[in-house]
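# This is the structure alone, sequence omitted:
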């Protein structure tokens, strides 16, 4: 369904589908992981059918997320390579956070903040996958010294990732007209021109 | 096996006090390695009382049988042939849960009430609350708990908490033919160990001593060692066992730190939104496309 012929396509249906698979598995992993991390979150096990089911399901959800995430990496890595303009953008991030984006350097499909987030999430995912395998006693039996280190790495990188995703979701809520890009894939021309002028020029061939 | 519900000193993944109205005294099992003949009657008694049957294994050319603890073998004899002073000694250690005063398994366990420590010092697993994650194995400084393939639950020596609760001594103590294993109040066991240590000193074991490692707050299973200065001689009994610092970070500092970080990020988002307002497309840009 096309809402407005002038809208710009930001994400294809398959990109959106993949992002939602990653997003949903992240939420389920976060809830089940927190339940096993701190007794305050233990009630989350009820969402998964009890403590034992939470323990059984969590790593398989991890495999699902890892697979979907690799596909995401393939689609988006090239677009997230840091360039000089991105570091310029990051230097002035304070103005952006203040809500004054008039003097911000021109940005392509992704701004410096989004790219930085992309790479921080990459490192979190890498650490989570490696340490997660070490903690998965159903299938693996690593030396206990590794498992202890993996437990710390897994908790720490998960906590950092949850914080980063909070920022990611908040940025989408804060910047009006963004979330529709994940629902039906398009953004308005005005949105593109204001927030990602370089990308706007590229896709509209306008100067 | 919660038979002393009013005497809970510590409970896994629980942040409020547990029922502890009943006062107890600390108990201990004392294993005098210098009196052990390696007959394995304790292994048999353990199987019999707890109704466990390990798989029939293979002879590996050593006396250790089975070779390691399993979910069905909660205690095994470990045989070490060593020459500490240039002469052969056959050291036989009954391995199993040490019932630490500061149990690493309980600290690591994420399931509320799956591991409890009673007021008498016994550390017990409640398999019906166990979720099978194996964190107890990660937390244990003595490598004791074992996950069962059959039901995915962790098992280990209970110090016969069911027998002790009704005033009996543990099955292994009851059966030991040489009196190498004794059981009683921890204070009394320390006292009788001291007498035995003096005796061993007189017999030429100058470094005999009691193994009650302070790194885990002491244990409720203690050894009399002929060579207390070299516990590693006894099938790698740890010299200074303690909860690994990584486990302490994971189960200590990391928890409040992570919660504080989540709260800070959430509140920062909310306050940012209500102070700065949403990031909208400017009216001028919008007009260009109208």
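Alright, I've got the coordinates. All values derive from a computational prediction rather than experimental measurement.
# going forward, measure contacts between C-alpha atoms and count neighbours the same way
OK.
# The helix or strand hosting residue A:24 packs against which elements?
Per DSSP states H and E, residue A:24 falls inside helix A:13-37. Counting contacts by 3 or more Cα pairs under 8 Å, 6 or more residues apart in numbering or on different chains; DSSP states H and E, helix A:13-37 packs against helix A:51-76, helix A:144-174.
# Need the winner for burial among those helices.
Among the helices and strands packed on helix A:13-37, helix A:144-174 has the highest mean neighbour count (mean count of other Cα atoms under 10 Å in any protein chain shown), at a mean of 19.
# In the stretch 101-250 of chain B, what residue comes closest to chain A?
Closest contact between the stretch 101-250 of chain B and chain A, by Cα to the nearest Cα, is at residue B:131 (4.2 Å).
# That residue reaches residue A:55, doesn't it?
Yes. Checked against Cα atoms under 8 Å, the pair residue B:131 and residue A:55 is within contact range at 6.6 Å.
# Chain B against chain A: which residues are in contact?
Counting by Cα under 8 Å from any Cα of the partner chain, chain B comes close to chain A at B:13-15, B:110-112, B:130-134, B:137-139, B:246-247, B:249-250, B:254-255, B:258, B:261-262, B:265-266, B:269, B:273, B:276-282, B:285-286, B:288-289.
# Identify the residue spatially nearest to residue 173, adjacent ones excluded.
Unless you meant another one, I'm taking chain A. Distance criterion Cα to Cα, 6 or more residues apart in numbering or on different chains; nearest residue to residue A:173, sequence neighbours excluded, is residue A:179 at 6.9 Å.
# switch to chain B, that's the one I care about
Nearest to residue B:173 is residue B:181, by Cα to Cα, 6+ apart, at 5.2 Å.
# Which residues are in contact with that neighbour?
By Cα atoms under 8 Å, 6 or more residues apart in numbering or on different chains, the contact list for residue B:181 reads B:29, B:30, B:31, B:32, B:172, B:173.
# Next: residue A:32.
By Cα under 8 Å, 6+ apart, residue A:32 lies in contact with A:44, A:45, A:48, A:54, A:55, A:58.
# any low-confidence regions in the chain?
I'll assume chain A. Residue ranges of chain A with pLDDT under 70: A:1-3, A:206-207.
# my bad, chain B
Using pLDDT under 70, the flagged stretches of chain B are B:1-5.
# Which residue ranges of it form strands?
Along chain B, the stretches classed as strands by DSSP state E are B:8-11, B:27-32, B:76-82, B:89-95, B:115-118, B:123-125, B:146-147, B:154-155, B:181-185, B:209-211, B:221-225.
# quick one: buried residues of stretch B:258-266?
Within stretch B:258-266, the residues scored as buried using 16 or more other Cα atoms under 10 Å in any protein chain shown are B:258, B:262, B:265, B:266.
# now the contacts of residue B:181: which count as buried?
Listed as buried from the contacts of residue B:181 are B:29, B:30, B:31, B:32, B:172, B:173; burial here means 16+ other Cα under 10 Å.
# which helices and strands does the top helix by length along chain B pack with?
Counting residues, the longest helix found in chain B (DSSP state H) is helix B:254-276. For helix B:254-276, the packing partners by 3+ Cα pairs under 8 Å, 6+ apart come out as helix A:144-174.
# which is the next helix or strand following the helix it packs on?
helix A:180-183.
# So is that following helix next to chain B?
No. Applying Cα under 8 Å from any Cα, one finds helix A:180-183 separated from chain B by no less than 14.0 Å.
# distance between that helix and the chain's centre?
Relative to the mean C-alpha coordinate of its chain, helix A:180-183 is positioned 15 Å out (Cα atoms, centre = their mean, to the nearest Å).
# could you say what helices and strands that helix packs with?
Secondary-structure packing of helix A:180-183 (3+ Cα pairs under 8 Å, 6+ apart): strand A:186-187.
# which outside residues touch the strand it packs on?
Counting by Cα under 8 Å, 6+ apart, A:7, A:8, A:9, A:10, A:11, A:177, A:178, A:180, A:181 sit against strand A:186-187.
# The last one against residue A:10, yeah?
It stands for residue A:181. Yes. Here residue A:181 reaches residue A:10: they are 6.3 Å apart, a contact under Cα under 8 Å.
# of those two, who's got more company?
Legend: neighbour count by other Cα atoms under 10 Å in any protein chain shown for residue A:181 and residue A:10, higher for residue A:10 (21 against 18).
# what separates the residue of the stretch 101-250 of chain B closest to chain A from residue B:96, distance-wise?
22 Å (Cα to Cα, to the nearest Å).
# Then residue A:11?
In this view, residue A:11 and residue B:96 are 59 Å apart by Cα to Cα.
# Lovely, talk soon.
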